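# Here you go, sequence then predicted model.
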Amino acid sequence: MIARGRPASIPPRSWFRCDMTSRVTRIPLASPAPGTQRHLTVRRYGEPEARPKAYLQASIHADELPAMLVAHHLSRLLDEAAEDGRISGEIVLVPVANPIGLAQRINGALLGRYELDGGGNFNRNWPDFIEALAERVGPKLGLDADENVRRIRAGIAEILSEQSAATELAGLRLSLGRLACDADLVLDLHCDSDALVHLYMIPQLWPAGADLSAEIGSRATMLSEPSGGDPFDEAWSAPWAALRTRFPDKPVPMACFSATIEFRGQSDVEDHLAAHDAAALFRFLQRRGLVSGDPPPPPEPQCEATPFSAVDMVKSPGAGLIAYKRRLGERVKAGDVIAELVDPMADDPGQARRPIHTRTDGLFFARRRTRFARSGEGVAKVAGAAPLEHRRGRLLED
Ligand SMILES: [Zn+2]
């Protein structure tokens, strides 16, 4: 029987659900070897070029699995909203941003943070457009803010359209960049090693980002400019901040809100967590005008934003086992012992332990999942409020 008078030639709705709710496209990447080719899958919602536009990607660090599960849950919510005609802007979701990294395994271990062919950290060295943009667009800026936004976006798109990619990795970066470059909203979904939910953005986006911070339940929201590693999120927000400074007599709004969200730790791959996080992102998209509806006000914030230079990245003073003495979520004081470094080969087991201290008062929000470290490797992150003397220059870990 044909439901609701559907002509017999049209298949049931579920048969072509993707056409009715989201458009799924594939972007092929350059083949790294004969017989092998990877691609990006892109889920698009709403009318192309509708505003506002949101771009979300998951797991550019491919071993940060919680982000992909959040994207999966979010795509189900967005499919439903699209089916009901509730998408009011354009949403572009890349649920697996790094198929190259996701295929990198050595002896059973997934290694998705660095490209094994020498390309480095997948979330570092994203292009810095500021000089090229200032030169290209600066003379064209006028007194109409909306027109300036259009010109700057066109300038970024033009710069990207002139680039070509010879390698699979370069093609991945360029493809993701072209999808994100003109968005009003860019959310880069990650996780830490073992951590509470936390968030990074540039200072010019605060307090505009306070609702995102509250909505996702961020326990540490950190503002940095520049963080020193050129992560993906800064590639899209920093040019607006820089052009505002460079051309103070021209109205240039912060037209791209871009942030990196860390959805806990690498082992926190749980449906109930991902569903909770996806629902938070969905409400945020509603509040920002991407999906119609009436979301409740954001919950009480779990933290104030603090400078990234106030985060103590506690390092191991040597090689050995890391025995934590404090739990994630605990407030600690400068001088407190966060962990002990244990040398199980010490001649005298009584002398086998060295204390590892934090140098700031703050929230202990991230630690290493693998409880073994070499000298200089990160053991803990403690979010304080006051910038730290030893935290100058490059703030991001590698
Ligand atoms: Zn990451």
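Noted; the coordinates are in hand. Numbering: from 1, shown residues only.
# if I look at residue 29, how far off is the ion?
Distance of residue 29 to the ion, given as Cβ to the ion, to the nearest Å: 20 Å. In this view, the C-beta of every residue, glycine as well, is placed from N, C-alpha and C.
# which one is residue 240 nearest to, not counting chain neighbours?
Leaving aside its sequence neighbours, residue 240 sits nearest to residue 254 (Cβ to Cβ, 6 or more residues apart in numbering; 5.0 Å).
# give me every residue that touches the one you found.
Shown in contact with residue 254 (Cβ atoms under 8 Å, 6 or more residues apart in numbering): 204-205, 208, 237, 240-241, 244.
# For those, pick the one with the most neighbours.
Highest neighbour count within the contacts of residue 254: residue 240, with 24 neighbours (other Cβ atoms under 10 Å).
# who does the closest residue to the ion within the stretch 151-300 of the chain bridge with?
Closest to the ion within the stretch 151-300 of the chain is residue 190: 3.4 Å, counting by Cβ to the ion. On the basis of DSSP bridges, residue 190 takes part in beta bridges with residue 262.
# what about it, how many residues close to it?
23.
# ok now do it, which residues does it touch?
Contact analysis of residue 190 by Cβ under 8 Å, 6+ apart lists 59-61, 64, 67, 123, 260-263.
# Quick check: the two most widely separated of the residues you listed?
123 and 263 (14.6 Å; Cβ to Cβ).
# who has more neighbours, these two?
residue 263 (31 against 22).
# If I look at that one, what pLDDT would I see?
Looking at residue 263, its pLDDT is 98.
# same deal with residue 13?
37.
# Report the buried residues of stretch 292-307.
With burial defined by 16 or more other Cβ atoms under 10 Å, the residues of stretch 292-307 counted as buried are 295, 298, 301-303, 305-307.
# One more: stretch 44-60?
For stretch 44-60, by 16+ other Cβ under 10 Å, it's 44-46, 52-60.
# Stretch 134-145 now?
With burial defined by 16+ other Cβ under 10 Å, the residues of stretch 134-145 counted as buried are 134, 136-137, 141.
# what does that stretch contact?
Taking Cβ under 8 Å, 6+ apart as the rule, stretch 134-145 contacts 148, 151-152, 155, 158-159, 242-243, 246-247, 250-253.
# Report the rounded mean pLDDT for it.
97.
# That one: end-to-end distance?
From its first residue to its last, stretch 134-145 covers 16 Å (Cα to Cα, to the nearest Å).
# Kindly report the residues of the stretch 201-350 of the chain close to the ion.
Nowhere does the stretch 201-350 of the chain come near the ion, counting by Cβ under 5 Å from the ion.
# Helices of the stretch 201-350 of the chain, start to end?
210-215, 232-246, 271-287 (DSSP state H, counting those that start in this stretch).
# For the last one, name the packing helices and strands.
In terms of contacts (3 or more Cβ pairs under 8 Å, 6 or more residues apart in numbering; DSSP states H and E), helix 271-287 is packed against helix 66-83, helix 210-215, strand 257-265.
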